[in-house]
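> Mind looking at a prediction? Sequence and model below.
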Amino acid sequence: GFTGFNAAEAIVLSDAITRATAETAMAATTAGVTATISDTLANFVQLTETALHAFTYQVSETTVDAANVLLADARSTVAIDLSNVTSVTGDYDEIQDMYQAGGFASTNHNAASPVTLTGLGNEAISADDTDITVAEANILDGFTSGAVTATIATGVESVLDGLTGAGNAYTLNVADDSSVDITALLSLNTKTTAAVNLALVDTDNATLLTGTYSEIKSLFSMAQNGEFSNLAGDLPITVEDTNISVSQANEINALTTGAVTATISTGDMSTLNGLEGTGNVYAITVSDTSGDMGELNALNAKTTGTLT
């Protein structure tokens with residue numbers, strides 16, 4: 001306890017104390033306590049009264065909840081030191097308010113002046129909302145050099161590709177669309193360390209995948225490696241290269257039961273008849289000046305496109 005002094009005198013403590021010791025000191029004086037409290041947020045927010053007192057608060061824990069930080073901030077008359085914190089959790093609004101108090105500006109939030117929370121800027125952030133928008137995720141990414149974990153609202157690949165930063169653990173669900181650009185899908189993969197979920201990209205919306213030969217191959221290879229999940233094996237695919245070889249066409253054909261649309265490099269009959277699959281939309285030009293009608297008919301059966 002605190003005995004042997006005038007209760008009307010202020011108490012100034014040089015050593016860091018716990019919340020419990022702070023309560024004892026506050027009960028011993030009517031003139032206020034000045035001290036550094038080193039304790040958990042859960043203990044700090046239990047302080048019964050702080051109006052007379054000047055506490056410097058050092059958060060002793062490494063993982064904090066943004067709501068508790070804001071409550072502690074409201075009870076402190078001086079800045080709270082969060083330099084020990086390596087991970088922040090909470091919903092988006094709480095996290096945004098917390099970083100505002102730490103001097104970070106964002107949409108509709110001016111940086112606090114004076115700053116009441118210090119030591120922020122390199123911790124991991126985990127938003128526990130059901131989902132947040134791309135714009136909100138970018139705001140969180142701007143607060144820290146650490147990784148942001150969040151579920152992003154379902155959207156088409158071109159919208160999700162607006163995410164900034166790298167190394168974040170975003171849960172991304174790509175919405176169905178009539179045409180899904182593989183270039184944007186591959187870009188999405190660089191925006192998150194989690195697998196990009198393609199479960200909603202299916203044939204219900206006459207969806208087709210579009211991309212170059214190399215992009216298509218990369219997408220399916222990355223899906224095989226777990227970087228994309230739920231990539232359907234029946235999606236129509238449009239190859240955007242000016243033309244591709246017979247062997248390349250066969251590789252793409254093997255990736256899907258849907259129709260492949262592509263321009264095949266000009267070639268002789270024997271080479272072109274190496275095309276595999278049926279129902280594909282190949283534009284084929286035969287270089288031979290003459291040929292067997294049976295071979296032409298066999299080649300024509302391999303495409304619903306133009307044969308010249």
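Great, that's in hand.
> My guess is residue 242 contacts residue 262. True?
No. Look at residue 242 against residue 262 with CB atoms under 8 Å: they stay out of range, at 10.1 Å. The C-beta positions use only the backbone N, C-alpha and C, and glycine is treated the same way.
> At which residues are the helices of the protein located?
Along the chain, the segments classed as helices by DSSP state H run 19-27, 41-44, 66-75, 92-101, 134-143, 157-160, 182-189, 213-224, 246-253, 269-272, 293-300.
> Pick the most buried one from those.
Stretch with highest mean neighbour count among the helices of the chain: helix 92-101 (a mean of 22; mean count of other CB atoms under 10 Å).
> between that helix and helix 66-75, how big is the angle?
Inter-element angle recorded for helix 92-101 and helix 66-75: 40 degrees (by axes from the mean of the first three to the mean of the last three CA atoms, to 10 degrees).
> for helix 92-101, the distance to its chain's centre please.
Here helix 92-101 is found 18 Å from its chain centre; the criterion is CA atoms, centre = their mean, to the nearest Å.
> Also compute the angle for that helix relative to helix 134-143, please.
Relative orientation of helix 92-101 and helix 134-143, computed by the same axes, to 10 degrees: 40 degrees.
> now what about helix 92-101, what contacts it?
66-67, 69-70, 73, 88, 90, 106, 109-112, 115-117, 120, 125, 127, 129, 132, 136, 139-140, 143, 150 (CB atoms under 8 Å, 6 or more residues apart in numbering).
> What's the local residue count around residue 15?
8 (other CB atoms under 10 Å).
> who touches it in this structure?
Neighbouring residues of residue 15 by CB under 8 Å, 6+ apart: residue 36.
> quick one: it and residue 6, what's the gap?
Residue 15 sits 21 Å away from residue 6, going by CB to CB, to the nearest Å.
> same deal with residue 110?
As judged by CB to CB, residue 110 and residue 6 stand 44 Å apart.
> Among residue 242 and residue 262, which residue is more densely surrounded?
With neighbours defined as other CB under 10 Å, residue 242 and residue 262 compare such that residue 262 has more, 25 against 8.
> Need the residues that contact stretch 240-252.
Defining contact as CB under 8 Å, 6+ apart, one finds that stretch 240-252 is touched by 210-213, 216-217, 237, 239, 260, 262-267, 271-272, 274-277, 280, 282.
> redo that, cut-off 10 Å
For stretch 240-252, contacts defined as CB atoms under 10 Å, 6 or more residues apart in numbering pick out 181-183, 209-217, 220, 237-239, 260-267, 271-277, 280, 282-285, 302-303.
> cool, stretch 69-76 as well?
Under the criterion CB under 10 Å, 6+ apart, residues 37, 39-51, 53-57, 59, 64-65, 79-80, 82, 85, 88, 90, 94-95, 97-102, 112, 116-117, 120 lie in contact with stretch 69-76.
> Mind giving me the PyMOL select for those residues, buried ones only?
The following PyMOL line selects those of the contacts of stretch 69-76 that are buried, judged by 16 or more other CB atoms under 10 Å:
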select buried, resi 37+39+40+41+43+44+45+47+50+53+55+56+57+59+64+65+79+80+82+85+88+90+94+95+97+98+99+100+101+102+112+116+117+120
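> Among the contacts of stretch 69-76, which lie within strands?
Per DSSP state E, strands hold the following members of the contacts of stretch 69-76: 37, 39, 54-57, 59, 64-65, 80, 88, 90, 117.
> I figured residue 26 hits residue 11, correct?
Yes. Between residue 26 and residue 11 there is a contact under CB atoms under 10 Å: 8.4 Å.
> shared neighbours of those two, which are they?
Contacts common to residue 26 and residue 11, judged by CB under 10 Å, 6+ apart, are 2, 32-33, 35, 53.
> Among these, which lie within strands?
Counting by DSSP E, the shared contacts of residue 26 and residue 11 place 33, 35 in strands.
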